[in-house]
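Student: Predicted model follows, preceded by the sequence.
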Amino acid sequence: MTDAVVDAAAKMQLADAPVDPNAPKLVLDEETGEMVSKGELKKRLAKRAKKAIKEKNKDDKKNVAATTAAAQDGATPKKQTPKPEEAPIDTQAMFKQGFLNDVYNERPVKPVFTRFPPEPNGFLHIGHAKAIAINFGFAKYHGGNCYLRFDDTNPEAEEEIYFTAIEDTVRWLGFTPYKITYSSDNFQKLYDLAEKLIGLDKAYVCHCNDDEIKLQRGGEKGSSPRFRCKHAEQSVEENLQKFRDMRDGKYKPREAFLRMKQDITDGNPQMWDLAAYRVLDKPHHRTGSQWKIYPTYDFTHCLCDSFEGITHSLCTTEFVLSRVSYEWLNKSLEVYEPMQREYGRLSLSGTVLSKRKLKELVDRKIVRGWDDPRLYTLIAVRRRGVPPGAILEFVNELGVTTSNSIIQIVRFEQTIRRYLERTVPRLMLVLDPVPVVIEDADEFDGSELTVPFSSKNAAMGDHKIKFTKTVYIDRSDFREVDSKDYFRLAPGKTVGLLQAPFPIKATSFTKDETTGKVTEIRAVFDRETKKPKTFIQWVGTDGSRKCEVRVYNQLFKSENPAAAEGGWLSDINPESEVVYPDALIESGFDEVKRRAPWPEAAGESELGKGGPESVRFQAMRVAYFALDKESTDDKIVLNRIVSLKEDKEKN
Ligand SMILES: Nc1ncnc2c1ncn2[C@@H]1O[C@H](COP(=O)(O)OP(=O)(O)OP(=O)(O)O)[C@@H](O)[C@H]1O
Ligand SMILES: NC(=O)CC[C@H](N)C(=O)O
């Protein structure tokens, strides 16, 4: 055979199948981040298991006393964290059993109507994802519908951008509002009902100030007897006149307000003659300067629920006491009565969610904006590349009860990781590239390799990449001085290159004497070693592209930034964003981008409709990544969604 024929044969073989049919099926050693054969991994795991048992026996002895004490205190033992390989959970489980099933059974009607009622005064955060999943999911599960209702009764805090962002987020999570409504659409109807309430002698216009009201409600510690002020004695006519005067701008803010005549003797403070209307001389973004009075949450919410025929009004447990006034008002006005029930809030530890704190981080430029991938607003979580389906799975996994839950970020990340593991393609990426010249690779230079996008899911298909005589590997995969317990590349040592024709053995390297950094490695194919202990990823010189990679770690050092010495701002992790400006991604990236969204599910299903963040992939041995919105045709910017494994940063 001539050289040219050898060449062609070699190339064909490469394009058609993995080069070495005997090549071991590779799996990730999560402990070291190395790709190794199944056999090698088995050996390693057995060794580690032995070690772990030894350690555990030691620990058990130490911990026995402590555990017994904790059990006596009623503490729940630490739950085992689910393994990434576990089967996906039933995404409707939370509606089939437990709290939400009970809620439905209390009022087993059809069709179900629910609502998600955010105040448009900020961006939604991860906690709201639970509210969205519950309200939209509950209606959907029972074949009903959910409204997106903007609870816009406070013109002081509301802004246009929030309306758009909130609606976008709901749709991104995969839900379609039955209708988009605004509490403010009902201002006239609400006003008329307020007059009706006055007519029923169940509301009065009060002129008391804050101190007087406090006293009426039992004083400083609630220890003095509660009583009603003299305004409660006014006649219906007088109240009606005064209320109309409020409406007509005859009172300044705080000079008068409408109070519901509930039950001041009741043990529940939500029955102590709550405010129904206040004077506020502020234009409203929808009703302009039409109104000088605005209804309160307590007056508005239950009535809007009633107008919309909400069957199950689901909210968080801080509204438990409000349920009584909610029911009282609808009953008093003899309107349709929805049923309010309350579930526990979801919070994340190790971060901040309050609008004030987020604003401070943005204003001080500690983060890149409200959607900085290190934050837990839903626009940030989205930009980071977390798929909507993973968020819904997370909410489902936690389940819904009446208890508030504070969840660690690592727990959220576990769900994301598991979700991505089964749904996104794999590519090779090198964060900090060093060239390796394979001296005897001329015959394979420029040859095509066919590489599957996933070793687990054949349906993802495959793509072609070019093998080249010079390849880039990660700086961390080479050591100048070899040692016995090191299994990657070093002078005289052999390592496998994922999908490549043969393993390579380093022969020499050069260094930049000023920086001390390795600038080039020379190597040769090791055609003898059929099964190298370890495989590493690489990127060829043909078709690969430079990219900026942003690796995100937790924004705060501690689990409770609020308690940090020196205040929450001194708890910022200086390593929360690590940028690799010269990373290289293999050519398969173009196809991954073209075929996005990955996965084709949950809100991003229409091809091409997902934003850049829907271009998701696993960079083998590195982490999961998504394309950042700052990417352009000329510059790829990638965000790390999550690491491949909890905690352990790759060396
Ligand atoms: N952390 C949370 N977990 C679950 N549901 C939440 C959470 N925060 C808000 N919700 C629910 O989302 C819906 C809309 O919330 P809205 O924006 O009006 O709430 P909020 O309590 O003002 O939120 P914030 O936490 O921004 O102050 C409400 O029904 C509310 O009960
Ligand atoms: N009942 C509810 O769900 C409360 C919604 C309301 N927008 C709030 O202040 O949180």
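Tutor: Perfect, I can see it now. Numbering: from 1, shown residues only. Ligands and ions are numbered 1, 2, ... in the order given.

Student: how close does the single nearest residue of the chain relative to ligand 2 get to residue 436?
Tutor: Here the residue of the chain nearest ligand 2 is residue 315; by CB to the nearest ligand atom that distance is 3.2 Å. Every residue, glycine included, has its C-beta placed from N, CA and C. For residue 315, the distance to residue 436 equals 59 Å [CB to CB, to the nearest Å].

Student: which SS class is the residue of the chain closest to ligand 2?
Tutor: Following DSSP: H, G, I helix; E, B strand; the rest coil, residue 315 is assigned to strand.

Student: what helix or strand is the residue nearest to it when sequence neighbours are not counted on?
Tutor: In space, and not counting its chain neighbours, residue 315 is closest to residue 342: 5.7 Å by CB to CB, 6 or more residues apart in numbering. For residue 342, the host element (DSSP states H and E) is strand 339-343.

Student: Please list the residues outside that strand that contact it.
Tutor: 99-100, 103, 106-107, 130, 134, 302, 305, 311-320, 322-323, 326-327, 400-402 (CB atoms under 8 Å, 6 or more residues apart in numbering).

Student: Could you turn the buried ones of the residues you listed into a ChimeraX selection?
Tutor: To isolate the buried members of these in ChimeraX, using 16 or more other CB atoms under 10 Å:
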select :99,100,103,130,134,302,305,311,312,313,314,315,316,319,322,323,326,400
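
Student: going on from the strand holding residue 342, what's the next piece of helix or strand?
Tutor: strand 346-349.

Student: Which other helices and strands does that next one contact?
Tutor: helix 126-141, strand 405-408, helix 409-423 (3 or more CB pairs under 8 Å, 6 or more residues apart in numbering; DSSP states H and E).

Student: Stretch 620-635: end-to-end distance?
Tutor: Across stretch 620-635, the terminal residues are separated by 21 Å (CA to CA, to the nearest Å).

Student: what comes up buried for it?
Tutor: Going by 16+ other CB under 10 Å, stretch 620-635 has these buried residues: 620, 621, 622, 623, 624, 625, 626, 627, 628, 631.

Student: Now the two most distant members of those residues.
Tutor: 621 and 631 (22.8 Å; CB to CB).

Student: Please enumerate the strands of the stretch 501-650 of the chain.
Tutor: Counting by DSSP state E, counting those that start in this stretch, one finds strands in the stretch 501-650 of the chain at the ranges 504-511, 518-525, 534-536, 539-540, 545-552, 577-585, 616-619, 623-627, 636-643.

Student: Now that we have the ones you listed, can you turn them into a markdown table and tack on mean pLDDT and distance to residue 443?
Tutor: What follows is the strands of the stretch 501-650 of the chain, written out as a markdown table (pLDDT from 0 to 100; distance: least, CB to CB, whole Å):
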| stretch | mean pLDDT | distance to residue 443 |
| --- | --- | --- |
| strand 504-511 | 98 | 15 |
| strand 518-525 | 98 | 10 |
| strand 534-536 | 97 | 21 |
| strand 539-540 | 98 | 15 |
| strand 545-552 | 98 | 26 |
| strand 577-585 | 98 | 24 |
| strand 616-619 | 98 | 29 |
| strand 623-627 | 98 | 33 |
| strand 636-643 | 98 | 31 |
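
Student: among the ones you listed, which is nearest residue 223?
Tutor: strand 545-552 (51.0 Å).

Student: The closest one: partners in the sheet, and parallel or antiparallel?
Tutor: Strand 545-552 has its sheet partners listed here by DSSP bridges as strand 577-585 (antiparallel), strand 636-643 (parallel).

Student: Please name the residues that touch residue 638.
Tutor: 429, 547, 548, 549, 550, 583, 585, 625, 626, 627, 628, 631 are the contacts of residue 638 under CB under 8 Å, 6+ apart.

Student: Any residues of this structure in contact with ligand 1? List them.
Tutor: Proximity of the chain to ligand 1 is confined to 117-119, 122, 127-128, 130-131, 151, 315-316, 345-347 under the rule CB under 6 Å from any ligand atom.

Student: Grab the nearest non-local neighbour of the residue in the chain positioned nearest to ligand 1.
Tutor: In the chain, the residue that lies nearest ligand 1 is residue 127 (2.1 Å; CB to the nearest ligand atom). Distances taken as CB to CB, 6+ apart place residue 346 nearest to residue 127, at 4.8 Å, with adjacent residues excluded.

Student: Next, count neighbours for that neighbour.
Tutor: 24 (other CB atoms under 10 Å).

Student: likewise residue 490?
Tutor: 20.

Student: export the helices and strands packed on strand 346-349 to JSON lines and tack on distance to ligand 2?
Tutor: As requested, the helices and strands packed on strand 346-349 are exported to JSON lines (distance: least, CB to the nearest ligand atom, whole Å):
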{"stretch": "helix 126-141", "distance to ligand 2": "7"}
{"stretch": "strand 405-408", "distance to ligand 2": "18"}
{"stretch": "helix 409-423", "distance to ligand 2": "23"}
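
Student: Which of those has the highest mean neighbour count?
Tutor: The highest average neighbour count among the helices and strands packed on strand 346-349, using mean count of other CB atoms under 10 Å, belongs to helix 126-141 at a mean of 22.

Student: outside of the helix or strand following that helix, which residues touch it?
Tutor: For helix 126-141, the following helix or strand on the C-terminal side (DSSP H and E) is strand 145-150. By CB under 8 Å, 6+ apart, the surrounding residues in contact with strand 145-150 are 111-120, 135-136, 138-140, 163, 166-167, 170, 175, 177-184, 304, 308, 310.

Student: is strand 145-150 up against ligand 2 anywhere?
Tutor: No. Judged by CB under 6 Å from any ligand atom, strand 145-150 and ligand 2 are separated, with a smallest distance of 8.5 Å.

Student: What's the first helix or strand after that strand?
Tutor: helix 160-172.

Student: Thought residue 536 was touching residue 500, still the case?
Tutor: No. Applying CB atoms under 8 Å, one finds residue 500 not in contact with residue 536, separated by 9.9 Å.

Student: What about the residue lying closest to residue 630 once chain neighbours are set aside, how many residues nearby?
Tutor: Once flanking residues are discounted, residue 630 sits nearest to residue 637: 4.9 Å by CB to CB, 6+ apart. Using other CB under 10 Å, the number of residues around residue 637 comes to 16.
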